[in-house]
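Enquirer: here's my sequence, what's the structure:
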Amino acid sequence: MSVDLTADAHRVWLTAERIKLVSDRLVALGPFGVGLDGLLAFVPVAGGLYSLVAGGWLIMEAVRVKAHPWTLTRMAAYIGFNTVSAEVPIIGQTFDFFFRGHLMAATALQKDIGNRFGLPSPEVIAETRRRPFALPGVGDPVRA
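Expert: Residues are numbered from 1 along each chain as shown. This next block holds a predicted model:
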C-alpha cells in the first residue's frame with residue numbers, strides 16, 4: 001500500500017474518532033455517554049441538522065477512502081435512522097438522546113480502515129481522544 005494512501009486512511013480514522021467522541025461521548029457517564037447529537041436532539045431543527053452534517057461528513061470520508069459498499073450501507077442506515085428519529089417530537093428526540101448512530105457509523109468506518117490499512121499509532125489515537133476538538137492536520141502527529 002502507498003504510504004500516502006495509508007496516512008490518508010489514518011487521518012480519516014482519526015476524524016471518525018473525533019466525530020464519534022463529540023457526537024456521542026462528549027460527557028461519559030460510565031458505559032453511557034452524551035454528546036452534541038443527544039443534547040441538540042431537543043432543539044428544533046438544530047438536532048437534525050447537526051446529525052445530518054456530522055453523518056454526511058462521515059459518509060464523505062468513507063467514500064474518500066473507498067470503504068467497502070457494505071460499510072457505507074450500514075453507515076447510511078445508522079445515520080439516516082439517527083437523523084430521522086430526531087425529528088419526531090418528544091419520543092423521537094428522547095430516543096435520539098440514547099441512540100448512538102454516529103458512534104456506530106464511525107466505528108464501522110474505523111473497522112473497515114483498520115482491516116485494510118491497520119490502525120494509527122496508539123499515541124496518535126490517545127492524543128485524538130484527549131483533544132477531540134483539535135483541528136485535524138494542525139500539529140497532527142500522523143505524519144511522524
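Enquirer: now P132: closest residue in space that isn't a chain neighbour?
Expert: Distances taken as CB to CB, 6 or more residues apart in numbering place L21 nearest to P132, at 4.2 Å, with adjacent residues excluded. Yep, even glycine has a C-beta here, placed from its N, CA and C like the rest.
Enquirer: same check, this time on F95
Expert: S85 is the one closest to F95 (CB to CB, 6+ apart), at 5.1 Å.
Enquirer: for this protein, longest helix please?
Expert: helix 3-24 (DSSP state H).
Enquirer: number of nearby residues for the closest residue to L103 other than its chain neighbours?
Expert: Spatial nearest neighbour of L103, chain neighbours left out: D24 (4.0 Å); criterion: CB to CB, 6+ apart. Using other CB atoms under 10 Å as the criterion, D24 is surrounded by 26 other residues.
Enquirer: next one: A134
Expert: 14.
Enquirer: mind telling me what element the residue nearest to F95 is part of?
Expert: helix 69-86 (DSSP states H and E).
Enquirer: surely S85 meets F99?
Expert: Yes - with contact defined as CB atoms under 8 Å, S85 reaches F99; the gap is 6.4 Å.
Enquirer: ok now stretch 102-114, how far from the chain's centre?
Expert: Centroid separation for stretch 102-114 versus its chain: 7 Å, with CA atoms, centre = their mean, to the nearest Å.
Enquirer: what's the answer for stretch 34-43, then?
Expert: Its chain's C-alpha centre and that of stretch 34-43 lie 15 Å apart, by CA atoms, centre = their mean.
Enquirer: mind checking the SS state of A106?
Expert: Under the three-state scheme (DSSP: H, G, I helix; E, B strand; the rest coil), A106 adopts helix.
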